[in-house]
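Asker: The amino acid sequence is not available; the structure is as follows:
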């Protein structure tokens, strides 16, 4: 075999590659039409959908693929670099912007310069040789608007200091981990003053964060919404408080101070 190069600007010379891509795109388009919907539950579901289409197309060439597979060389020991590395600065808002997407990080990283490895589906934030955290990769809007990847666990402490900030952020709906939280905030704004509504909603988010009761609290809020009833934060704090029967009993036995005289005397004897 003799390798050749395509001439720059001559599009038709890429036909052997682009033609296969075009056929695959047509197959995906037809499969979506037969499916009747473009929405998928998550990225993994979409990948399974694409893999099924590609597997059907590759099945036609299975004999030729098997013939070439026997002559393939072993893979390299180290995986190739399949990410793009860049640096970001964490602002006072508790996050950073990368490729028109705003990401939140723990408040302890405010003011730090972070190294980011940008993959197709995630962002890895290493600190030296240790992986600090992994974030889901977001995408900007089709109309040029910025995207947001927000985790309320990372900004709840800042919201506790300034509850009224819950009114202004463009990513406010993403702060709510479940639909019941978002609907409850709308209900609170209808029934209470904005300041009181923000303070109570932030308290509910803080409760879900501190007591790890996000799902259970969402069920309680859904019941309150159905009955058009305001949540009682004091009752919820008592309800989701740690069970005293499950708390370990710690017994601390203090050592008498006279026991340290042995070390003092032994030290003096060595010195003498």
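Answerer: Thanks, I have the structure now. For clarity, every value in this text was computed on a predicted model and none was experimentally measured.

Asker: And residue 5, its phi and psi?
Answerer: Residue 5 adopts backbone torsions of phi -120, psi 140, taken as degrees, to the nearest 10.

Asker: where do the helices sit along the stretch 151-272 of the chain?
Answerer: Per DSSP state H, counting those that start in this stretch, the stretch 151-272 of the chain carries helices over the ranges 152-161, 172-175, 179-191, 194-211, 214-226, 233-239, 261-271.

Asker: Just send those back as JSON lines, with mean pLDDT too.
Answerer: Shown next, in JSON lines, are the helices of the stretch 151-272 of the chain (pLDDT from 0 to 100):
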{"stretch": "helix 152-161", "mean pLDDT": "87"}
{"stretch": "helix 172-175", "mean pLDDT": "85"}
{"stretch": "helix 179-191", "mean pLDDT": "92"}
{"stretch": "helix 194-211", "mean pLDDT": "92"}
{"stretch": "helix 214-226", "mean pLDDT": "93"}
{"stretch": "helix 233-239", "mean pLDDT": "90"}
{"stretch": "helix 261-271", "mean pLDDT": "66"}
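
Asker: nearest to residue 75, of those helices?
Answerer: helix 152-161 (37.8 Å; CB to CB). C-beta: built from backbone N, CA, C; applies to glycine.

Asker: so where is the stretch 51-200 of the chain shaky, pLDDT-wise?
Answerer: Residue ranges of the stretch 51-200 of the chain with pLDDT under 70: none are present.

Asker: quick one: residue 116 is in a strand?
Answerer: Yes - counting by DSSP: H, G, I helix; E, B strand; the rest coil, residue 116 is part of a strand.

Asker: Kindly tell me how buried residue 180 is, as a neighbour count.
Answerer: 20 (other CB atoms under 10 Å).

Asker: so how far is residue 142 from it?
Answerer: 29 Å (CB to CB, to the nearest Å).

Asker: Backbone dihedrals for residue 67, please?
Answerer: Dihedral angles of residue 67 (phi, psi; degrees, to the nearest 10) stand at phi -70, psi -40.

Asker: who are the neighbours in contact with the nearest residue to residue 189 once chain neighbours are set aside?
Answerer: Counting by CB to CB, 6 or more residues apart in numbering, residue 197 is the residue found nearest to residue 189 once chain neighbours are left out, at 4.8 Å. Going by CB atoms under 8 Å, 6 or more residues apart in numbering, residue 197 touches 185, 188, 189, 191.

Asker: Repeat the analysis, applying 10 Å as the threshold.
Answerer: Applying CB atoms under 10 Å, 6 or more residues apart in numbering, we find residue 197 in contact with 163-164, 166-167, 184-191, 230.

Asker: Next: residue 152.
Answerer: Residues in contact with residue 152, defined by CB under 10 Å, 6+ apart, are 104, 159, 174-177, 181, 202, 205-206, 208-209, 214.
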